[in-house]
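Q: build me a model from this:
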Amino acid sequence: MQTALLVLPNFVLIVIGLVLARRFDFGRDFWEGLEKLVYYVLFPALLFRSLAIAKIDFASTWLLVLAALGFTLAGFALSLLAGPLFKLDRQLLATGSQCGYRFNTYIGLAIAGSLFGTPGVATAALLLGVMIPLANFLAVAMLAAHGKRGFLYEIVTHPLLISSVLGLAYNALGLPLPAFADQTLNLLAITALPAGLLAVGAAMRIERGQGPAGAHAWWLAVKLAIVPAIAWGLVRALGFTGIDAKVLILCAALPTASNAYILAVRMTGDGRVVAAQITFGTVIAMLTIPLWMAL
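A: Below is the predicted model of the structure:
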């Protein structure tokens with residue numbers, strides 16, 4: 001119960017974003033501008049600062065990182081099974097399958113901070129920082145055949161990937177972060193989480209998703225139940241404890257990324273299946289994340 005109460009404010013912000021977008025005349029341009037601000041400025045600042053100043057023992061965290069990469073790859077493989085199971089065409093499979101392994105970074109970092117404070121944010125930033133390039137690599141590779149910009153362009157221009165790599169590199173070099181730079185990045189970072197959660201809520205929409213209902217149910221089950229269960233099994237098998245164990249399971253239990261819709265529309269021209277997954281997945285995650293954290 002205590003865990004659910006700590007997680008609740010993050011989902012309240014999502015609901016507030018949904019209400020503001022539906023009941024007040026801010027206009028779609030406002031929300032698109034906010035999404036771009038979060039995606040290109042605020043969250044990169046948060047990721048870079050969290051990783052640059054974190055006390056990371058790379059020698060002891062490699063196994064934790066491998067576990068995160070492992071359940072991400074498992075989610076990818078299981079998501080692709082929807083193709084033969086439900087006889088999906090290639091474009092629909094490429095678009096929808098990303099919902100089974102991509103994750104909402106905004107929600108992950110916000111909940112990690114609520115539950116575990118600064119150490120939780122640092123651990124989540126490390127894991128999400130290595131999961132982001134893998135998840136985007138897999139999604140773009142699947143969608144590249146239907147897109148115009150190509151695989152390499154999508155990878156090297158990804159702002160969250162760039163900021164994660166730079167933050168890890170800065171940390172590895174052992175360089176101190178100048179006080180003025182640290183304060184500036186911190187001011188940007190503290191606005192990233194509430195702004196990101198509001199944007200998640202504003203992006204939620206009820207659309208009739210493409211494809212059979214069974215495929216939608218399969219991707220939701222993979223993302224919110226099977227992948228977290230795999231992470232929980234890895235925690236038990238590899239002996240992770242404390243914040244490491246909890247953040248690993250949290251990262252596995254996150255609903256699909258809201259920018260998966262943007263990627264789908266930009267590369268295939270149709271994001272209906274992703275819009276449905278984002279909306280229903282985020283709502284269901286309000287119940288499933290507290291349950292996984294309670295374990």
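Q: please count neighbours and contacts with C-alpha atoms only from this point.
A: Fine.
Q: pLDDT below threshold where in the stretch 51-200 of the chain?
A: 145-152, 154-155 (pLDDT under 70).
Q: over to Gly239: give its phi and psi.
A: Reported as degrees, to the nearest 10, the phi and psi values for Gly239 are phi 80, psi 30.
Q: ok, now how distant is it from Ile289?
A: 21 Å (C-alpha to C-alpha, to the nearest Å).
Q: the two: which has the busier surroundings?
A: Ranked by neighbour count (other C-alpha atoms under 10 Å), Gly239 and Ile289 place Ile289 first, with 24 against 9.
Q: what's the helix or strand for Phe30?
A: Per DSSP states H and E: Phe30 is located in helix 28-37.
Q: can you point out the buried residues in that helix?
A: Trp31, Leu34, Glu35, Leu37 (16 or more other C-alpha atoms under 10 Å).
Q: residue contacts, the third one?
A: Residues near Glu35 by C-alpha atoms under 8 Å, 6 or more residues apart in numbering: Gly196, Ala199.
Q: thinking again about what came up before, what comes into contact with the helix or strand that the helix holding Phe30 is followed by?
A: Counting by DSSP H and E, the next helix or strand C-terminal to helix 28-37 is helix 43-53. With contacts defined as C-alpha under 8 Å, 6+ apart, helix 43-53 is touched by 106, 121-122, 125-126, 129, 159-160, 162-164, 166-171, 176-177, 182, 185-186, 188-190, 192-193.
Q: stretch 119-130 now?
A: For stretch 119-130, the surrounding residues in contact (C-alpha under 8 Å, 6+ apart) are 47, 50-51, 54, 64-65, 68-69, 105, 108-110, 112-113, 160-161, 164-165, 243-244, 247-248, 251.
Q: now the helix holding Phe30 and helix 43-53, what's the angle there?
A: 20 degrees (axes from the mean of the first three to the mean of the last three C-alpha atoms, to 10 degrees).
Q: thinking again about what came up before, so how do I select the buried members of the contacts of helix 43-53 in ChimeraX?
A: The buried subset of those, as determined by 16+ other C-alpha under 10 Å, is captured in ChimeraX by this line:
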select :106,121,122,125,126,129,159,160,162,163,164,166,167,168,170,171,182,185,186,188,189,192,193
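Q: where do the helices of the stretch 51-200 of the chain begin and end?
A: Under the criterion DSSP state H, counting those that start in this stretch, helices of the stretch 51-200 of the chain are mapped to 58-80, 82-86, 90-97, 105-143, 151-156, 159-173, 179-203.
Q: in TSV: the ones you listed, plus distance to Ala260.
A: Shown next, in TSV, are the helices of the stretch 51-200 of the chain (distance: least, C-alpha to C-alpha, whole Å):
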stretch	distance to Ala260
helix 58-80	14
helix 82-86	18
helix 90-97	9
helix 105-143	9
helix 151-156	13
helix 159-173	13
helix 179-203	11
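Q: which residues touch the closest residue to Phe116 other than its chain neighbours?
A: The spatially closest residue to Phe116, leaving aside those adjacent along the chain, is Ile243, at 7.1 Å (C-alpha to C-alpha, 6 or more residues apart in numbering). Applying C-alpha under 8 Å, 6+ apart to Ile243 gives the contacts Phe116, Pro119, Gly120, Thr123.
Q: what's the answer for Leu220, then?
A: Leu220 touches Cys99, Gly100, Gln277, Gly281, counting by C-alpha under 8 Å, 6+ apart.
Q: look up how far Leu197 lies from Leu42.
A: Applying C-alpha to C-alpha, the value for Leu42 to Leu197 is 12 Å.
Q: list phi and psi for the residue nearest to Ala285 when sequence neighbours are not counted.
A: In this structure, Ala285 finds its nearest non-sequential neighbour in Pro255, 6.2 Å apart by C-alpha to C-alpha, 6+ apart. Per-residue torsions, Pro255: phi -70, psi 170 (degrees, to the nearest 10).
Q: could you report the pLDDT at Pro255?
A: On the pLDDT scale, Pro255 is placed at 92.
Q: next one: it from Tyr106, what distance?
A: 10 Å.
Q: repeat that for Phe30.
A: 19 Å.
Q: then Phe11?
A: Counting by C-alpha to C-alpha, the gap from Phe11 to Tyr106 is 11 Å.
Q: name the residues contacting each of these two.
A: Leu197.
Q: how about the helix or strand where Thr288 lies as CSV, C-alpha atoms only?
A: Take DSSP H and E as the rule and Thr288 turns out to sit in helix 272-294. What follows is helix 272-294, C-alpha atoms only, in CSV (Å, rounded to 0.1, in the frame of the first residue of the first chain):
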residue,chain,number,x,y,z
ARG,A,272,-2.9,3.8,-34.6
VAL,A,273,-1.7,0.5,-33.1
VAL,A,274,0.9,2.2,-31.0
ALA,A,275,-1.6,4.9,-29.8
ALA,A,276,-3.9,2.2,-28.4
GLN,A,277,-1.0,0.4,-26.8
ILE,A,278,0.3,3.6,-25.1
THR,A,279,-3.1,4.5,-23.7
PHE,A,280,-4.2,1.1,-22.4
GLY,A,281,-0.6,0.2,-21.3
THR,A,282,-0.2,3.3,-19.3
VAL,A,283,-3.6,2.8,-17.6
ILE,A,284,-2.9,-0.8,-16.7
ALA,A,285,0.6,0.1,-15.5
MET,A,286,-1.0,2.2,-12.8
LEU,A,287,-2.0,-1.1,-11.2
THR,A,288,0.8,-3.4,-12.3
ILE,A,289,3.9,-1.3,-11.3
PRO,A,290,2.9,-1.1,-7.6
LEU,A,291,2.3,-4.8,-7.6
TRP,A,292,5.7,-5.5,-9.1
MET,A,293,7.4,-3.1,-6.7
ALA,A,294,5.6,-4.8,-3.8
